[in-house]
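1. kindly return the folded structure for what I paste below:
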Amino acid sequence: MPQIQISIHSGAPYYLPKRATVGAGVAIRWVNPTATHHTVTHDACLRGGMCLFDSGLIAPGDSYTIRTLKPGRYEYRCRIHPVMRGVLIVAEPMALSDT
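-> As a prediction, the model looks like this:
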């Protein structure tokens, strides 16, 4: 299965890339090379909506992977450090080849 990697950082932009676009069916992996714990939490989890992903604590040197998401725009953040925010855009595979 194809995969994209997003790195967690202690300073801005915090998630690198901050805005990632992937095709449907691509796994997304966040890695934490920092010295502190972080989370990757879909914003809807914090607003009472449909929570599509929530990593729990990602320890230093550890990672979190989502195998697949439906096409859409997914804003997320770190529960511990709310200033840390990112956007994941999952597109239909055909939409990516048209650009």
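
2. what about R73, how many residues nearby?
-> By the other Cβ atoms under 10 Å criterion, the neighbourhood of R73 contains 11 residues. All C-beta spots, glycine's among them, are computed from the backbone N, C-alpha and C.

3. residues in contact with the nearest residue to V26 once chain neighbours are set aside?
-> The spatially closest residue to V26, leaving aside those adjacent along the chain, is P2, at 4.8 Å (Cβ to Cβ, 6 or more residues apart in numbering). In this structure, P2 makes contact with 23, 25-27, judged by Cβ atoms under 8 Å, 6 or more residues apart in numbering.

4. ok, which stretches of this structure are strands?
-> Using DSSP state E, the strands found in the chain span residues 3-8, 15-16, 19-23, 27-31, 41-42, 63-66, 72-77, 85-91.

5. quick one: the residue nearest to V26 from T39, how far?
-> With the distance defined as Cβ to Cβ, to the nearest Å, P2 ends up 24 Å from T39.

6. what does N32 give?
-> The spacing between N32 and T39, counted by Cβ to Cβ, is 10 Å.

7. run through this structure and note the low-pLDDT ranges.
-> In the predicted model of the chain, residues 1, 94-99 satisfy pLDDT under 70.
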